[in-house]
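Chemist: Need the 3D shape of this:
(one chain, ligands or ions: 1)
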Amino acid sequence: MPTVTPEDQHCLVERRGHVLVVTMNRPEVKNALSGPMLARMAQAWDEVDADPQLRAAVLTGAGGSFCAGADLKAMTAAHPGDSVGLDLSRIESLLKGRRLSKPLIAAVEGAAIAGGTEILQATDIRVAGEGARFGVSEPRWGLFPMGGSAVRLVRQIPYTVAADLLLTGRHIRAAEAKQIGLIGHVVPDGTALELALELAGLIAANGPIAVQAILRTIRETEALPENDAFTLEAKIGMAVFGSEDAREGPRAFAEKRTPQFKGR
Ligand SMILES: C[C@H](/C=C/C(=O)SCCNC(=O)CCNC(=O)[C@H](O)C(C)(C)COP(=O)(O)OP(=O)(O)OC[C@H]1O[C@@H](n2cnc3c(N)ncnc32)[C@H](O)[C@@H]1OP(=O)(O)O)[C@H]1CC[C@H]2[C@@H]3CCC4=CC(=O)CC[C@]4(C)[C@H]3CC[C@]12C
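Modeler: Numbering: from 1, shown residues only. As a prediction, this is how the structure comes out:
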């Protein structure tokens, strides 16, 4: 009987067709982050990027919660402040300083607090149960949102709302999160993963080269002047038209059948 490592206990990784489902799995502490969990998450992101058969990923939490951020109890024993010379400009497991080459969908139930809302900002599509709650509550505990929120949040939602959430550390419910554009879908509690998998399935049925090119364009043109952005967009887009898949699509339409994309 193979031994189950702490990494495998704290983070479940499951392949469903072309989709990798990553589940933070410490429900007894609202899926608070642990070293083993973060290590397995980083491995999962490497798998998503490296495997051409994987076309999308879903990140969720076990036990009706998403993630309660860093383990505050564990932090009393091993504190970030004691980690001398640590470079926190990149935290691969939290997708800070790293973006996946394929779409990542968040399926949120319950608490997505602090590190939970931080990693949410690295996802592309976000589905939450109506009872979910969000917040960047590190300052409540005298901590800094080192998962990237002080940089990313103001780029994803209106400035004054981002500043409000970052400075107050207050929690908001899914309805407000949708209203401010932090998430895109609110569903009945317990059904977030169902919709996330449905959306991942739609993405996985699309031409993978086109999907990944669109994602790359969104990201790499973000801070460019418009005309420079169109120059890069055209270069990336033309490479898609040069693919076999770009010929398969119209052919399948003409032949009234489902395209069989090969990712080349
Ligand atoms: C900076 C990065 C992020 C930091 C943080 O996230 S700070 C943590 C902030 N978290 C919170 O504010 C949430 C606290 N919890 C709550 O508010 C509530 O629990 C809730 C709203 C989430 C739920 O409320 P509830 O009423 O439904 O449930 P409860 O009864 O409260 O909870 C049930 C049960 O769970 C326990 N619980 C809940 N939350 C936590 C928690 N966060 N920690 C521990 N336990 C929790 C609660 O106590 C109850 O238990 P019970 O026994 O039943 O009473 C950091 C993110 C990652 C860091 C890097 C990690 C790797 C590194 C290692 C190093 O050594 C240092 C450097 C670093 C790279 C490190 C750097 C900093 C991070 C990037």
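
Chemist: can you give me phi and psi for residue 11?
Modeler: Residue 11 adopts backbone torsions of phi -150, psi 120, taken as degrees, to the nearest 10.

Chemist: Wait, it touches residue 37, no?
Modeler: Yes. Here residue 11 lies in contact with residue 37, judged by Cβ atoms under 8 Å, at a distance of 4.6 Å. C-betas here are computed from N, CA, C, even on glycine.

Chemist: and for those two, which residues touch both?
Modeler: 24-25 (Cβ atoms under 8 Å, 6 or more residues apart in numbering).

Chemist: So which of these two has more stuff around it?
Modeler: Between residue 11 and residue 37, counting by other Cβ atoms under 10 Å, residue 11 is the more crowded of the two (26 against 22).

Chemist: neighbours around the residue in the stretch 51-200 of the chain that the ligand sits nearest to, how many?
Modeler: Across the stretch 51-200 of the chain, the shortest distance to the ligand (Cβ to the nearest ligand atom) belongs to residue 69, at 2.2 Å. Here the count is done by other Cβ under 10 Å, and residue 69 has 27 residues near it.

Chemist: wait, doesn't it sit right on residue 31?
Modeler: No. Taking contacts as Cβ under 8 Å, residue 69 lies outside contact range of residue 31: 9.3 Å.

Chemist: joint contacts of the two?
Modeler: In contact with both residue 69 and residue 31: residue 116, using Cβ under 8 Å, 6+ apart.

Chemist: Excluding covalently adjacent residues, which one is nearest to residue 98?
Modeler: Counting by Cβ to Cβ, 6 or more residues apart in numbering, the nearest residue to residue 98 once its immediate chain neighbours are dropped is residue 92, at 5.0 Å.

Chemist: Double-check the one you found against residue 42; I have them as touching.
Modeler: Yes. With contact defined as Cβ under 8 Å, residue 92 reaches residue 42; the gap is 4.7 Å.

Chemist: For residue 244, which non-adjacent residue is spatially closest?
Modeler: In space, residue 244 is closest to residue 264, 5.3 Å off (Cβ to Cβ, 6+ apart).

Chemist: which ones are touching that neighbour?
Modeler: 209, 243-245 are the contacts of residue 264 under Cβ under 8 Å, 6+ apart.

Chemist: and with 10 Å instead?
Modeler: By Cβ atoms under 10 Å, 6 or more residues apart in numbering, residue 264 lies in contact with 52, 208-209, 243-245, 248.

Chemist: Distance of it relative to residue 52?
Modeler: Distance check for residue 264 against residue 52: by Cβ to Cβ, to the nearest Å, it reads 9 Å.

Chemist: Overlap of the contact sets of these two?
Modeler: In contact with both residue 264 and residue 52: residue 208, using Cβ under 10 Å, 6+ apart.

Chemist: Residues of this protein that sit close to the ligand?
Modeler: Counting by Cβ under 6 Å from any ligand atom, the positions of the chain adjacent to the ligand are 29-30, 32-33, 38, 68-73, 78, 80, 83, 86, 88, 91, 111, 113-115, 137-138, 140-141, 143, 145-147.

Chemist: Please enumerate the helices of the stretch 1-150 of the chain.
Modeler: 6-10, 35-50, 72-75, 115-120, 149-156 (DSSP state H, counting those that start in this stretch).

Chemist: could you give the mean pLDDT of the last one?
Modeler: Confidence over helix 149-156 (mean pLDDT, whole number) is 98.

Chemist: And the contacts of the helix or strand just after it?
Modeler: Next in sequence after helix 149-156, counting helices and strands by DSSP states H and E, comes helix 159-168. When contacts are defined by Cβ under 10 Å, 6+ apart, helix 159-168 is touched by residues 117, 134-140, 145, 149-150, 152-158, 170-172, 176-177, 179-182.

Chemist: Give the buried residues for helix 159-168.
Modeler: 161-162, 165-166 (16 or more other Cβ atoms under 10 Å).
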